[in-house]
Each structure stands twice: as structure tokens, then as C-alpha cells.
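S.K.: Provided below for reference: sequence and predicted model.
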Amino acid sequence: MTRATPHVTHEVLNQVPPLAEYDIADDPALIEALRREAGPGWPDPEGQEAALHELGAAAGSAATQDLARLANEYPPVLRTHDSRGHRIDEVEFHPAWHELMTTAVTQGLHAAPWLSGTPGAHVARAARFYVWTQAEAGHGCPISMTYAAVPALRHEPALAARFEPLLASRSYDPGLRVPDGKAGLLAGMAMTEKQGGSDVRAGTTRAVPDGAGGYLLTGHKWFCSAPMCDLFLVLAQAPEGLTCFLLPRVLPDGTRNAMRIQRLKDKLGNRSNASSEVEYDGAFAWRVGEPGRGVTTILEMVSATRLDCVLGSAAAIRVACVTAVHYAGIRRSFGATLVSHPLMTSVLADLALESEAATTLAMRLAGAADRAARGDAGEAALLRLALPAAKYWVCKRTPAVAAEALECLGGNGYVEESGLPRMYRDAPLNSVWEGSGNVTALDVLRALGRVPGSADALLAEVDLAAGGDRRLDAAVARLRRELKDATAVSAAQAQYRCRRLAGLIAVILQASLLVRHAPPAVADAFCASRLGYPDQAAGPAAAFGTLPDGLETAPVLERVTVSVRG
Ligand SMILES: Cc1cc2nc3c(=O)[nH]c(=O)nc-3n(C[C@H](O)[C@H](O)[C@H](O)COP(=O)(O)OP(=O)(O)OC[C@H]3O[C@@H](n4cnc5c(N)ncnc54)[C@H](O)[C@@H]3O)c2cc1C
């Protein structure tokens with residue numbers, strides 16, 4: 001390592017060493033939630049927790065931070081043709097991307113838990129995903145899509161039997177080859193077309209039976225992330241209506257399928273992951289699920305990716321918060337560390353509350369997904385309503401947290417080397433993807449209308465905290481009224497209000513979980529600041545750092561303070 005040479009004109013003073021060489025899994029809210037949600041049947045909890053800390057140390061190492069930087073500073077490059085003019089449609093990535101992907105796949109952050117079937121497998125995977133994505137968010141996209149593809153693929157048992165073991169394999173095997181012969185596969189999804197992404201039924205891609213059991217797809221997709229995946233779940237108009245298909249990049253005979261990558265998106269957010277525009281020119285695909293029931297089939301994938309949106313956003317909130325608290329604990333102004341100035345204490349404690357609540361809610365939903373996957377109907381009903389609400393709210397909070405955390409570092413936070421600009425640019429993504437804010441909030445209404453048990457499951461869950469905090473009790477009474485109203489008022493009125501309802505559900509769920517499980521000072525400060533004013537919950541949020549008087553902030557901040565090795 002080269003030593004920095006001293007400046008001639010001045011000594012470098014009061015600069016905070018970058019936060020590195022720490023265990024990202026040193027996160028009490030995460031570890032406590034993992035133990036709770038994985039439940040008593042979770043095998044070898046000590047061993048799995050030790051492995052999580054190992055992954056946390058790797059994720060927080062300077063070496064991994066460097067991989068993340070390189071993967072974003074050297075973005076993927078599209079090669080449409082070879083030197084002799086043949087189409088190849090390949091995307092080249094920096095070796096740092098492949099290293100990050102190797103860890104993600106060998107750690108089983110993709111489809112591995114679907115093969116396990118043991119209690120807690122999805123919860124443990126959620127915890128590992130949350131930890132590793134704090135190192136670099138972009139490569140999480142194909143990892144999440146591969147995780148999410150399995151439940152949709154199971155609508156076609158023969159295809160699931162053929163590909164699920166390879167999607168769950170812990171071998172990262174990049175490159176375009178026949179899927180059946182590879183050591184491991186990755187899956188993407190392609191729904192959005194130029195004329196609309198929310199309204200997927202307006203899709204124009206056509207699917208025509210090929211006479212031999214398959215289909216030929218003709219059309220385009222306007223957003224197709226991670227186009228080097230091996231398999232894609234695609235929506236297209238079959239003779240019976242919108243249908244879900246599985247489209248391989250390489251055909252069983254070794255030739256390339258007619259999926260042309262037109263260009264890569266020059267997008268906001270991470271630069272490491274490639275998002276593309278593609279055209280299908282009679283591309284071969286297998287049908288998945290019933291013809292004409294494409295939306296229902298692919299919704300299984302959408303639901304699982306939405307869980308990862310919540311986990312990924314909670315992870316971004318956590319790393320932003322930890323970075324700000326670390327910096328403020330060392331940097332001094334006006335003769336004291338930043339954190340000890342009362343107003344900065346209020347800002348940081350407020351961010352810490354947001355982080356604790358986001359992590360706790362994300363892990364509760366991972367627990368619900370785990371139990372729902374093993375047939376628990378009550379947890380499935382809770383998930384159906386709570387997941388879109390959480391996706392709406394936690395993803396909406398992330399850009400606000402990222403901006404505030406960045407400001408805690410002053411000008412240093414605005415500079416790329418701090419890592420915070422990358423996080424800030426990426427912060428809105430999970431809100432847009434997989435159902436943007438309005439669409440996700442509208443899905444809360446859909447769940448209330450179509451899954452009658454979902455409101456009862458939600459109320460039963462929040463009632464577990466009844467009597468624990470008077471502000472929460474009052475907020476739950478309001479939630480009861482609003483849930484009833486949502487189905488009683490006109491459809492237009494219910495839609496007009498549904499962001500408020502989605503936010504209210506998420507904040508009350510967060511509060512109830514904190515009242516039951518978090519240290520009393522955390523629960524008290526959360527309820528005081530988020531539920532203390534009758535109309536505040538999930539309404540126009542005040543800026544961070546406007547906590548009410550009289551709260552105990554030290555125990556709140558302790559939960560987001562990490563120790564650096566050496
Ligand atoms: C980085 C990135 C990667 C992506 N990767 C993929 C991918 O791999 N595969 C894929 O299929 N898609 C992908 N998408 C596309 C994404 O899912 C869509 O952009 C999203 O679903 C919105 O669709 P749209 O862009 O057509 O916007 P529109 O559908 O035109 O919506 C525009 C706005 O109107 C709102 N809106 C729409 N309908 C209503 C309504 N009824 N009431 C109130 N408001 C409404 C929406 O919430 C949104 O805010 C990606 C997007 C991004 C940014």
C-alpha cells in the first residue's frame with residue numbers, strides 16, 4: 001500500500017477515514033428479526049448466523065467496496081455484431097461484476113431456498129441478500145429475478161423440473177450456451193413495452209404456436225434488465241390472450257434465439273447492471289401456465305421481486321444510516337463531534353428509526369413469504385396486503401433517507417468516492433420497478449377487494465401489539481376505519497386516497513413490530529415521531545431531524561453504530 005505523501009502547505013486534519021472493514025451483519029435489528037422469523041425449525045442457527053457474519057465482513061471489506069466501484073466505473077458494453085458482421089447480441093461486463101455475481105450465487109442469494117424446503121430457508125436467504133446488496137445493488141437485479149422466477153415457473157411443472165435445479169445451483173456460469181448443459185442459470189423478465197409498463201395488458205408482442213408444442217414470439221420489450229440471463233419470463237399475446245412464456249437466450253440445438261438487443265439504457269442509478277431494449281423476431285418460447293392467464297402467472301414472480309425491492313431498499317437505508325452515524329461520530333465542528341450537536345443527534349436518531357423500522361418490516365415479510373411457501377394461508381393473506389403497502393412506503397422513504405444521510409457528510413457526501421452519490425442515484429429505482437408508487441398503492445386496494453381475508457390478517461397481526469402503546473392503539477383504530485372506508489367509498493375516491501392507506505398500513509405494521517420486539521426507547525421514539533400526531537402517519541412527511549422533545553436517543557443510535565476492524 002502506498003503511503004499518502006504529506007502536503008507542503010497544510011496537514012490533513014479532521015477527515016474521517018472511509019467506513020470499511022466492518023461487519024455489515026453487525027446489525028441488531030437484522031439479527032433479532034432473523035432469529036424470530038426463521039423460527040424454531042430453522043436448522044443450525046448458530047452455524048448460519050456465523051456464516052452471515054462472514055458474509056457481512058466480506059461485504060464490508062475494502063476489497064469488496066473496490067469491486068463495487070469498478071463494476072460501476074466500467075459499465076457493461078453491448079456488442080451487437082462480431083468482426084464479420086454476424087449478430088451476437090452479447091453484453092460484456094468488467095471482471096468485478098463477475099466476482100460480485102460469483103459471491104451472490106455461491107451464497108445462494110438467488111433461487112437456492114426454493115430447493116431447500118426447510119423452515120426459515122427464505123428468511124435466511126433474505127438476511128444474506130440484505131447484507132450482500134449493501135456492498136453493491138446493481139448485480140442484485142438478476143439475482144432477485146432468478147429468485148422470483150421459480151414460483152412462476154412452477155405453473156409449468158415439466159419446465160420447473162427441467163430448470164429449477166439449475167436456477168438454484170450454486171455455480172455461477174456466465175456466457176451464452178444451451179441452458180440444459182450449463183452448471184447454473186440466471187433468469188430475467190420482460191413485460192414492459194414502449195406503449196406501457198403498468199398496463200401490461202396493452203402489450204403488442206404476439207405469440208404464435210409453432211406446431212410442435214412451442215411458440216414463436218414477435219415484438220419488442222422496452223425494458224429488459226440483465227439481458228445476459230439464460231432464460232426470460234415474457235408476456236405476449238397468444239391466440240387465447242396475454243400469456244406467460246419462458247424464452248431461452250440459446251436454443252436447445254445451440255443456435256442463438258432471435259432475441260436482439262437493440263441498445264442498453266443510459267439510465268439513472270447503478271451503472272453496473274445492463275438494462276436493455278430488445279426485439280423478438282420469431283423468437284422461440286415455451287408457454288408457462290394457462291393460455292390467456294399470463295398476468296396471474298407472472299404475478300408470482302412480481303410478488304417475489306417486490307419482496308426483494310423492500311429488502312433492497314431497507315438495506316440501502318441501513319447502509320446510508322450507518323455511514324452517516326460513523327462519519328458524525330468522528331468529524332468535529334465547533335469543538336465537538338457532529339453527533340454530539342443536539343440537532344445532528346435528532347437527524348441521526350430519526351434516520352436510525354427509519355432504518356430499524358424498514359429492516360424489521362422487510363424481515364417480517366420474508367418470514368411471511370417463508371411460511372406462505374410452506375402452505376400457511378394466514379401468512380399468505382397478510383403478505384398479499386402488506387407486501388404492496390411495504391413496497392410502496394419503504395421504497396418511497398429510501399431517496400429521502402439517502403439525501404439526508406448524504407448531507408450528514410457535508411460536501412464529502414456529494415463526492416463519488418464516498419459511495420453515497422451512487423446510492424443516492426439508485427435510491428428511487430425500487431419504487432419505479434415492479435410496479436411504480438401509484439401502481440403498488442393501487443394493488444393494496446386490489447388485495448382488499450380480491451382477498452377478503454387480507455384485512456383481517458393484517459389487523460390480527462397489528463393487534464398482537466395492542467395495549468403496548470397508546471399512540472399505536474389510536475392509529476390502529478384509524479386503520480380499521482380507513483380499511484372499511486376503502487371498500488365502501490366510490491372506486492375513484494378509494495384510488496384517490498390509496499397512497500395514504502398504503503403508507504398507513506406500512507407505518508402501523510412497522511410500529512406494531514417495534515412495540516413488540518425493539519428496545520423500548522426505539523419503539524417509543526418511533527411511535528412518538530410517526531404516530532404522535534393524529535393525521536401524520538403516512539401523510540406529508542416532515543424532514544428528518546424534527547423529532548419530538550423528551551426522547552431517549554442514545555439507545556436508538558447505538559443500534560446503527562458499527563465497529564471497524566483494526
Ligand atoms: C432501471 C429499470 C429497470 C427495469 N427493468 C425491467 C425489466 O427487466 N423488465 C421489465 O419488464 N420492466 C423493467 N422495467 C420497467 C418498469 O417495470 C416500468 O418502467 C414500470 O412498470 C412503469 O411502466 P412505464 O415506464 O411504462 O410507465 P407508465 O405505465 O406509463 O406509468 C407512468 C406513471 O403513471 C403511473 N400510473 C400508471 N397507471 C396509473 C393509474 N391507473 N393510476 C395512477 N397512476 C398510474 C405509474 O405509477 C407511473 O408513475 C425497468 C425499469 C427501470 C427504471
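M.R.: Everything's here; your move.

S.K.: Scan this protein for its longest helix.
M.R.: helix 294-330 (DSSP state H).

S.K.: Identify the residue spatially nearest to the closest residue to the ligand within the stretch 451-566 of the chain, adjacent ones excluded.
M.R.: As assessed by Cβ to the nearest ligand atom, the ligand sits closest to residue 495 within the stretch 451-566 of the chain, at 6.6 Å. C-betas here are computed from N, CA, C, even on glycine. Nearest non-adjacent residue to residue 495, counting by Cβ to Cβ, 6 or more residues apart in numbering: residue 442, 6.3 Å away.

S.K.: so where do the strands sit in this structure?
M.R.: Taking DSSP state E as the criterion, the chain carries its strands at 77-81, 87-92, 187-190, 206-209, 215-225, 231-238, 241-248, 259-264, 275-288, 332-333, 336-337.

S.K.: Mind checking those strands for the one nearest to the ligand?
M.R.: strand 215-225 (3.3 Å).

S.K.: Show the average pLDDT along that closest one.
M.R.: Within the predicted structure, the mean pLDDT of strand 215-225 is 98.

S.K.: tilt between that strand and strand 275-288?
M.R.: Relative orientation of strand 215-225 and strand 275-288, computed by axes from the mean of the first three to the mean of the last three Cα atoms, to 10 degrees: 140 degrees.

S.K.: ok, strand 215-225 near the ligand or not?
M.R.: Yes - residues of strand 215-225 contacting the ligand under Cβ under 6 Å from any ligand atom: 223-225.

S.K.: Ok, stretch 296-304 next?
M.R.: No - judged by Cβ under 6 Å from any ligand atom, stretch 296-304 makes no contact with the ligand; its nearest approach is 9.3 Å.

S.K.: now the end-to-end length of stretch 263-280.
M.R.: Counting by Cα to Cα, to the nearest Å, you get 14 Å between the two ends of stretch 263-280.

S.K.: Name the residues of it that are buried.
M.R.: 264, 269-280 (16 or more other Cβ atoms under 10 Å).

S.K.: again, but for stretch 323-331
M.R.: Neighbour count says stretch 323-331 has 323-328, 331 buried, by 16+ other Cβ under 10 Å.

S.K.: Check the residue nearest to residue 88 when sequence neighbours are not counted and give its pLDDT.
M.R.: Nearest non-adjacent residue to residue 88, counting by Cβ to Cβ, 6+ apart: residue 82, 5.1 Å away. Model confidence at residue 82, given as pLDDT, is 96.

S.K.: what's the neighbour count on residue 82?
M.R.: By the measure other Cβ atoms under 10 Å, the count of residues near residue 82 is 10.

S.K.: just residue 240 next, same as before
M.R.: Count around residue 240 with other Cβ under 10 Å applied: 13.

S.K.: do the same with the one 10 residues further on
M.R.: Burial of residue 250, expressed as a neighbour count using other Cβ under 10 Å, amounts to 20.

S.K.: again, but for the one 5 residues further on
M.R.: Here the number of neighbours of residue 255 (other Cβ under 10 Å) works out to 10.

S.K.: ok, now how distant is it from the ligand?
M.R.: Look at residue 255 and the ligand: by Cβ to the nearest ligand atom, to the nearest Å, they are 24 Å apart.

S.K.: what do you get for residue 150?
M.R.: 17 Å.

S.K.: Nearest to the ligand: which residue in the protein?
M.R.: For the chain, Cβ to the nearest ligand atom, closest residue to the ligand: residue 197, 2.3 Å.

S.K.: residue contacts, that residue?
M.R.: Applying Cβ atoms under 8 Å, 6 or more residues apart in numbering, we find residue 197 in contact with 191, 222-223.

S.K.: I figured residue 371 hits residue 377, correct?
M.R.: No - at 9.7 Å, residue 371 does not count as touching residue 377 under the criterion of Cβ atoms under 8 Å.

S.K.: between those two, who's got more neighbours?
M.R.: Shown here are residue 371 and residue 377; by other Cβ under 10 Å, residue 371 has more neighbours (22 against 11).

S.K.: what's the closest non-adjacent residue to the more buried one?
M.R.: The spatially closest residue to residue 371, leaving aside those adjacent along the chain, is residue 379, at 4.1 Å (Cβ to Cβ, 6+ apart).

S.K.: ok, the one you found to residue 122 distance?
M.R.: 11 Å (Cβ to Cβ, to the nearest Å).

S.K.: Can you check which residues contact both of these two?
M.R.: Counting by Cβ under 8 Å, 6+ apart, the residues touching both residue 379 and residue 122 are residue 369.

S.K.: So between those two, which is more surrounded?
M.R.: The residue with more neighbours, out of residue 379 and residue 122, is residue 122; 27 against 21, by other Cβ under 10 Å.

S.K.: got the contact list for the more buried one?
M.R.: 113, 366, 369-370, 373.

S.K.: Can I get those in CSV including distance to residue 252, pLDDT and neighbour count?
M.R.: CSV is the format used below for the contacts of residue 122 (distance: Cβ to Cβ, whole Å; pLDDT from 0 to 100; neighbours: other Cβ atoms under 10 Å):
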residue, distance to residue 252, pLDDT, neighbour count
113, 28, 93, 24
366, 36, 98, 28
369, 33, 97, 23
370, 35, 96, 26
373, 30, 93, 19
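
S.K.: now these as TSV including distance to the ligand?
M.R.: Output for the contacts of residue 122, formatted as TSV (distance: Cβ to the nearest ligand atom, whole Å):
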residue	distance to the ligand
113	22
366	22
369	21
370	25
373	23
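
S.K.: Helices - which of the residues you listed land there?
M.R.: Counting by DSSP H, the part of the contacts of residue 122 found in helices is 113, 366, 369-370, 373.

S.K.: which among those gets closest to residue 402?
M.R.: Of all these, residue 402 sits closest to residue 366, with 22.4 Å by Cβ to Cβ.

S.K.: rewinding a little: contact partners for the residue nearest to residue 371?
M.R.: The contact partners of residue 379, by Cβ under 8 Å, 6+ apart, come to 367-369, 371-372, 457.

S.K.: Buried ones in the lowest-mean-pLDDT helix or strand in the chain, by neighbour count?
M.R.: Sorting the helices and strands of the chain by mean pLDDT, DSSP states H and E puts helix 112-116 at the bottom, at a mean of 91. Of the residues in helix 112-116, 112-114 count as buried by neighbour count, 16+ other Cβ under 10 Å.

S.K.: Tell me the pLDDT of the residue of the stretch 451-566 of the chain closest to the ligand.
M.R.: 96.

S.K.: isn't it right next to residue 445, touching?
M.R.: Yes - using Cβ under 8 Å, residue 495 is in contact with residue 445, at 6.8 Å.
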